[in-house]
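Novice: Fold the following, please.
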Amino acid sequence: MSLIPSIFGNRRSNIFDPFSLDIWDPFSGAVTSTEGQAQGASSFAAARIDWKETLEAHVFKADIPGLKKEEVKVEVEEGGVLQIRGAINSEKEENNDKWHHVERSSGKFLRRFRLSENAKLEEIFAAMENGVLTVTVPKEEVKKPEAKAIEIS
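Specialist: Sure, this is the predicted structure:
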């Protein structure tokens, strides 16, 4: 288990806790979080991810500049949880180097998203171009129940 940053009251998080902040679940109103933040900014890399839903699919776009596709893992866990993880390595420091300012983050990142029940888990595909990972999760067509007219006697 990891600690959530102090803005969430250092609350413990757990994937099996229904009140946990570990997984973004828009279908239950939960809040997203990232793993590793409690260990300090130097060991955590922020992977900014957008999630949009179209008529045909859920589309995730992650900004992960400088990483090769081999350095990123996209997995679907039991229960329909999409997991995107990887690591951004920091620049090697020489003994005579003097850093004046550091803003780029480095370290591991892990993001999890609970998918809807209509997600076609066996048809998920991912592509990376110019530092942007795009994960597309096709959706099954949800058939609307037909209304049956009842004759009034």
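
Novice: C-alpha only now, for contacts and for neighbours.
Specialist: OK.

Novice: in stretch 55-65, what counts as buried?
Specialist: Within stretch 55-65, the residues that qualify as buried are Ala57, His58, Val59, Phe60, Lys61, Ala62, Asp63, Ile64, counting by 16 or more other Cα atoms under 10 Å.

Novice: isn't there a strand covering the second one?
Specialist: Which is His58. Yes. His58: assigned to a strand according to DSSP: H, G, I helix; E, B strand; the rest coil.

Novice: export the buried residues of stretch 55-65 to a markdown table and tack on pLDDT and distance to Thr134?
Specialist: Compiled in a markdown table, these are given as follows (pLDDT from 0 to 100; distance: Cα to Cα, whole Å):
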| residue | pLDDT | distance to Thr134 |
| --- | --- | --- |
| Ala57 | 95 | 12 |
| His58 | 95 | 10 |
| Val59 | 96 | 7 |
| Phe60 | 96 | 6 |
| Lys61 | 96 | 5 |
| Ala62 | 93 | 7 |
| Asp63 | 91 | 9 |
| Ile64 | 88 | 11 |
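
Novice: what's the closest of those residues to Pro145?
Specialist: The closest of these to Pro145 turns out to be Ala57 (Cα to Cα; 21.0 Å).

Novice: Most widely separated two among the buried residues of stretch 55-65?
Specialist: Every pair of these checked by Cα to Cα; the farthest is Ala57 and Ile64, at 21.8 Å.

Novice: all strands in the chain, in order from the N-terminus.
Specialist: Secondary structure of the chain by DSSP state E: the strands cover 2-3, 12-13, 48-53, 57-63, 72-77, 81-88, 107-114, 125-129, 132-138.

Novice: Mind putting those strands into TSV with distance to Ile150?
Specialist: Formatted as TSV, the strands of the chain follow (distance: least, Cα to Cα, whole Å):
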stretch	distance to Ile150
strand 2-3	56
strand 12-13	50
strand 48-53	36
strand 57-63	36
strand 72-77	44
strand 81-88	42
strand 107-114	39
strand 125-129	45
strand 132-138	36
